[in-house]
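K.L.:
give me coordinates for this.
(one chain, ligands or ions: 1)
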Amino acid sequence: MTMTLPQIALLGTGNMSGAILQGLLQPHVQVSGIRATTRTAASALALVEQGVDAHSLEHDPGANRTAVAEAEIIVMGVKPYQILELLADLLDDAPPHATIVSVAAGITLESMESVWPGAVVRAMPNTPAQVGKGMTGLARGSRTSDDQAAMAEALFSTVGEVLVVEEDQINALSSISGSGPAYVYLFIEHFMEVARAHGFTDDQSRVMVEGTFSGAMEVLARSGKSPEQLRVDVTSPGGSTAAALAAFEQADLASIFASASAAAIARAEEMASE
Ligand SMILES: NC(=O)c1ccc[n+]([C@@H]2O[C@H](COP(=O)([O-])OP(=O)(O)OC[C@H]3O[C@@H](n4cnc5c(N)ncnc54)[C@H](OP(=O)(O)O)[C@@H]3O)[C@@H](O)[C@H]2O)c1
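P.N.:
Numbers count the residues shown, from 1 in each chain. All right, here's what the predicted structure looks like:
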């Protein structure tokens, strides 16, 4: 299904906004226009080589202001400490009806609304957005209309799933889906370490573990069954899988997950007040 989006400015086009850019460049996505900016000329050149209208501050110190001049969506892809200053710099040049979308961790809607008099949206995407399999949490500001929120939702749906949440749930969401890919990689690392300890080579360990994760995810996606049901299905009572799962239980895996999420939330709150 074709998706249409209005003129977009991507201010700071590194890892995260670069992933969003790839979503926007898909054939089924029609954008009125995209202007991207970077700090260095080298980063802008890499985008220009992909056919993107990209400009660096190194070549043109006014690149951000030019990029936003006709934008209806302005994606702030710079580091969190730069967001409010950059926003203040745009006040004279960005159209007042433009929606500001920030992907910056820890920068609140209230702080953005104290600088920008119009609509703001706070997004928390995760790294699988790079391959179109992201999970983005979105919270809207007090002056953001339904249409503007829907536009932001459409933007992030080009790189995966979107969940609209209240801002006070953003840190909790981030502790699950934002940090989540790291938890999955940690599991894979430990799993592969065990395989190597059993004498398998690096390649064999990788094939075994990655195949297991992707196969299990595919079954979960296609079967319509809950993870609990699927776990029960592969666990014969008294069998070897049951013995392995009992070892996880004994280590109280459930409470490890809960304390990992709590630690991520606590740190996010701490960073927001620094
Ligand atoms: N990476 C993630 O997994 C992730 C997840 C969720 C949210 N985020 C958020 O995404 C934001 C960006 O993170 P990132 O990992 O994408 O960082 P990054 O890869 O370092 O990208 C930052 C981009 O901003 C450019 N830049 C720096 N100063 C600029 C300025 N004044 N005007 C215009 N462009 C400027 C950089 O240009 P050069 O390349 O030329 O230096 C680069 O293109 C952060 O706020 C972060 O909290 C990231």
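K.L.:
tell me which parts of the stretch 1-150 of the chain are close to the ligand?
P.N.:
Applying CB under 6 Å from any ligand atom, we find that the stretch 1-150 of the chain lies next to the ligand at 11-16, 37-40, 43, 57, 64, 77-80, 82, 86, 103-105, 125, 127. (Each C-beta comes from the backbone N, C-alpha and C, glycine too.)
K.L.:
and the residue of the stretch 51-200 of the chain found nearest the ligand, what does it touch?
P.N.:
Residue of the stretch 51-200 of the chain nearest the ligand, by CB to the nearest ligand atom: A104 (3.4 Å). A104 sits next to 76, 78-80, 83 when contact means CB atoms under 8 Å, 6 or more residues apart in numbering.
K.L.:
of the residues you listed, buried ones?
P.N.:
76, 78, 83 (16 or more other CB atoms under 10 Å).
K.L.:
all strands of the stretch 101-250 of the chain, in order?
P.N.:
In the stretch 101-250 of the chain, the segments counted as strands under DSSP state E, counting those that start in this stretch are 119-124, 134-140, 160-164.
K.L.:
now the helices: where do they sit in this protein?
P.N.:
Taking DSSP state H to define them, one finds helices in the chain at 15-24, 41-48, 63-68, 83-90, 109-113, 146-157, 170-173, 180-197, 202-223, 227-233, 240-250, 253-272.
K.L.:
tell me which of those helices approaches T4 most closely.
P.N.:
helix 146-157 (8.5 Å; CB to CB).
K.L.:
which residues touch the residue in the chain positioned nearest to the ligand?
P.N.:
Per CB to the nearest ligand atom, G14 is where the chain lies closest to the ligand, at 1.8 Å. Residues counted as contacts of G14 (CB under 8 Å, 6+ apart) are 38, 43, 77.
K.L.:
what's around the first one, how many residues?
P.N.:
Taking other CB atoms under 10 Å as the criterion, the count of residues near T38 is 27.
K.L.:
how does the chain divide into domains?
P.N.:
Here the chain is described, according to automatic domain parsing, as comprising the domains 3-167, 180-272.
K.L.:
give me whichever of those domains is most buried.
P.N.:
Neighbour counts (mean count of other CB atoms under 10 Å) averaged over each of the domains of the chain peak at domain 3-167, with a mean of 19.
K.L.:
quick one: end-to-end length of that domain, please.
P.N.:
This stretch, domain 3-167, spans 27 Å end to end (CA to CA, to the nearest Å).
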